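Chemist: only geometry, no sequence info:
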């Protein structure tokens, strides 16, 4: 039977250069989140099927990868397990399972793959990494602010160019609907349409609002207020009318004041038209955008009832998700690692000299270098130097009969071609000097 | 519907202390392997079903987790994908898919979960981590030696106490069977029985060999030679009779000479009775054992035809696998991380003072500390100090009205209870001094 060698549709093999770039980015994120005293969590790749079904809507349910029962039950064609679809449902399960063992509040982050049977496309995968950051058990705006600051610091450390945080609150949106006379029953529909203001022209949005049953004059006034150059001021003025919306504004202002010391003012902007599609948010909501990137590269908010709705305990919660695949795609151009960053290649000129060559590689490694001996079948120096060059080695150690007779090793600089004979006993110090610029052997 | 909150049978949730200990160990392994110039590889969690089936024998095939087809095909009850069962079949696929893009030889390591529908038990999981290290494309004994040295260095760096490498060769075993007159057709069965010498008494093994059709005198002589105090010498003497077995001995001696500079002689022992169950090995074979641990904690060898048999190209190969779950279990007692290693806790005495407290946490983080503000609802200092203590904080920053009036922050040492008022502008330097013993702010 012919076998295809590419990975399954929508998945990827990560070879060294790309994998190292990804892991470096994940390492930066983990370090930032740890400084904010978030702790890591890792749950299994699969959950019991009943933990996942019914949590993502009908469309989401169809995208769950289900695992067939095993043994005598395999023939039933039924599934009992399913691959993780997101990181929030497992978080709710963990909160229910380990409640009293977890600190209060429980600040956790998680970075790992999730699986969705979506149609694969450019930048859309069936196996992709998610990075979530959440705080369970605190109603304080300080918790929202901590999440925002940690996300901004991660973005900055990942060198995401020119990112901006758009900030809003569900209370502001509710007040806005009231201020503009939107009937309660069409409120959610109106928000879904307003969410399109960054894609559609204002007139198109107004027409769609009218189609949803909002009187055309009101629809026009609402869209005007949200798209005017002084939209924020117009909205602030309109919101003064109700207690709910005043507390929404206060929430925004409190958050802005808290993050001020850590996030420059031009990086975080009150954006009344930010809706975020998902209905479970209850307070502050935010998205991170970057120039030239359609959509957002991170997003989140407060969701005080979701953990309970997902089967977990009744705890307030706030958090967000970094779109790591998009962020990695932004970075990959400049920061992708180079295959074969071998520091030191070591020739093997004959079987008799092999143990000595092997020992020189060990000496090179002891200085912190990545080192390898030649593993091919040729005894020709030219062939071995070509290997060293192909492997990207900075230095090559040559040890043949002549060197053996003199108790020396020849160090060849692979860039300049300069060769330096060195007494074997001084090899470590000389390599440290040539590789790291110092004689004591600490890599840079 | 009632939902259970534990993870699925045979899988684990890793909360912070255990996860951090695991990641620290994986980090050590990665660093060692990188120094040996092995490069990382990560393949998808699942493969096309036909890539996996037929590769693990009938028993293995039954343990594969299969993924149900999706959409309109779900009702068929058929599977088209399956979770990764090991790291070797994906390696063969990658070697076939990217042949010319990979360096020659291709030295790669991989650390990640695999899934097997085994009956869960003590130390036996359905989701567990494997760590494989392999070199494709070299017939040189230097390749076997590099794998062995890298494995030994990883064991040493992981503080595995008193480990020993048992070394043998398939050529030695073949020569041994010939030297003791074992008929070719029962050779493989005889090896399977000899593999039990570490579990059964010599007389039991002799009886089993006789049962397999080996003349009792020959069986007795073979078992005597392999269990005598001078077994190695007896075997060496017996092996002088055939060319194949002489070359097996030479292979062993070459390997021992190569690793000598890096692995102490008492850590690696020629062990003629080492068989290793799997039939695909073609040259050197080895296992790592540690006192008090039944079975092995790592194992591998040369397998020159396996990659082709698994659907990959025809390349010689050598490699091995660390039993990371067993090694982690060995380590967990001493090196498990502590939850809540918060360095600096920061009180929030009122909403007005919150932005300042938030800024002090940022200052603490800038010195390298893990820092967090109080996220609860109480304005009482006692409550907040209890939180700081529960979170394991070393220092607590107190900032109330009195401190505000004086432009100071109070630093409380959570161990001694000593409190030191510090001008806000000197906080970073003072924290660095108290946390890291120096005023410039580098964590230890």
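Modeler: Received the coordinates, thanks. Small disclaimer: the values here were computed from a predicted structure and weren't measured.

Chemist: Show me what residue A:107 bridges to in the sheet.
Modeler: For residue A:107, the beta-bridge partners are residue A:135 (DSSP bridges).

Chemist: and stretch A:261-280, how far apart are its ends?
Modeler: Between the start and the finish of stretch A:261-280 there is a gap of 30 Å, counting by C-alpha to C-alpha, to the nearest Å.

Chemist: who's in contact with the residue of chain A found nearest chain B?
Modeler: Closest residue of chain A to chain B, C-beta to the nearest C-beta: residue A:77 (1.8 Å). Placement of C-beta: from N, CA and C, glycine included. Contacts for residue A:77 (C-beta atoms under 8 Å, 6 or more residues apart in numbering or on different chains) come out as A:68, B:68, B:75-78.

Chemist: nearest residue to residue A:397 other than its sequence neighbours?
Modeler: Spatial nearest neighbour of residue A:397, chain neighbours left out: residue A:346 (4.6 Å); criterion: C-beta to C-beta, 6 or more residues apart in numbering or on different chains.

Chemist: For the stretch 201-350 of chain A, just list every one of the strands.
Modeler: Taking DSSP state E, counting those that start in this stretch, the strands of the stretch 201-350 of chain A run over residues A:268-270, A:284-289, A:298-302, A:317-322, A:344-346.

Chemist: deepest of those strands, which one?
Modeler: Ranked by mean neighbour count, these are led by strand A:344-346 with a mean of 29 (mean count of other C-beta atoms under 10 Å in any protein chain shown).

Chemist: Name the residues that touch that one?
Modeler: By C-beta under 8 Å, 6+ apart, strand A:344-346 touches A:357-358, A:360-361, A:364, A:369-374, A:384, A:387-388, A:391, A:393-397, A:399, A:414, A:431, A:435.

Chemist: try 7 Å
Modeler: Strand A:344-346 is contacted from outside by A:357, A:360-361, A:364, A:369, A:371-374, A:387-388, A:391, A:393, A:395-397, A:431, using C-beta atoms under 7 Å, 6 or more residues apart in numbering or on different chains.

Chemist: how distant is the helix or strand just after it from the center of its chain?
Modeler: Proceeding N to C from strand A:344-346, the next assigned helix or strand is helix A:354-366, under DSSP states H and E. On the basis of C-alpha atoms, centre = their mean, to the nearest Å, helix A:354-366 sits 39 Å off its chain's mean C-alpha point.

Chemist: ok, the helix or strand following helix A:354-366: who's next to it in the sheet?
Modeler: Following helix A:354-366 in sequence order, the next helix or strand is strand A:371-373 (DSSP H and E). Applying DSSP bridges, strand A:371-373 is found paired with strand A:344-346 (parallel).

Chemist: Could you give the average pLDDT over the partner strand?
Modeler: Across strand A:344-346, pLDDT averages out at 96.

Chemist: Up against chain B, what does the stretch 201-350 of chain A have?
Modeler: Contact residues (C-beta under 7 Å from any C-beta of the partner chain) of the stretch 201-350 of chain A with chain B: A:257-258, A:260-262, A:311, A:339-340, A:342, A:348.

Chemist: of all those residues, which comes closest to residue B:120?
Modeler: Checking those against residue B:120 by C-beta to C-beta gives residue A:311 as the nearest, at 23.3 Å.

Chemist: my guess is the closest one contacts residue A:92, does it?
Modeler: Yes: if you go by C-beta atoms under 7 Å, residue A:311 and residue A:92 touch, sitting 5.6 Å apart.

Chemist: The two - which one has more neighbours?
Modeler: Ranked by neighbour count (other C-beta atoms under 10 Å in any protein chain shown), residue A:311 and residue A:92 place residue A:92 first, with 24 against 19.

Chemist: Tell me the secondary structure at the more buried one.
Modeler: Recorded secondary structure, residue A:92: helix (DSSP: H, G, I helix; E, B strand; the rest coil).

Chemist: ok, now which ones touch the nearest residue to it once chain neighbours are set aside?
Modeler: Nearest non-adjacent residue to residue A:92, counting by C-beta to C-beta, 6+ apart: residue A:312, 3.3 Å away. Residues in contact with residue A:312, defined by C-beta under 7 Å, 6+ apart, are A:92-93, A:95-96.

Chemist: May I see the residues you listed organised as TSV, with distance to residue A:245 and pLDDT added?
Modeler: Below are the contacts of residue A:312 laid out as TSV (distance: C-beta to C-beta, whole Å; pLDDT from 0 to 100):
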residue	distance to residue A:245	pLDDT
A:92	30	94
A:93	36	95
A:95	32	95
A:96	35	93
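
Chemist: Just the buried residues of those.
Modeler: With burial judged by 16 or more other C-beta atoms under 10 Å in any protein chain shown, the buried subset of the contacts of residue A:312 is A:92-93, A:95-96.

Chemist: okay, how far is it across stretch A:411-420, tip to tip?
Modeler: Note: stretch A:411-420 ends 5 Å apart using C-alpha to C-alpha.

Chemist: dump the residue contacts of the residue nearest to the spatial centre of chain A.
Modeler: A centroid search over chain A (C-alpha atoms, centre = their mean) returns residue A:324, at 2.6 Å, as the residue closest to the centre. Residue A:324 makes contacts with A:129-131, as judged by C-beta under 7 Å, 6+ apart.

Chemist: what would these look like in TSV with neighbour count, pLDDT and secondary structure?
Modeler: Formatted as TSV, the contacts of residue A:324 follow (neighbours: other C-beta atoms under 10 Å in any protein chain shown; pLDDT from 0 to 100; DSSP: H, G, I helix; E, B strand; the rest coil):
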residue	neighbour count	pLDDT	secondary structure
A:129	17	97	strand
A:130	19	96	strand
A:131	24	97	strand
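
Chemist: possible to save these as a markdown table with distance to residue A:291?
Modeler: Shown next, in a markdown table, are those (distance: C-beta to C-beta, whole Å):
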| residue | distance to residue A:291 |
| --- | --- |
| A:129 | 23 |
| A:130 | 24 |
| A:131 | 22 |
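
Chemist: Show me which helix runs longest in chain A.
Modeler: helix A:16-35 (DSSP state H).
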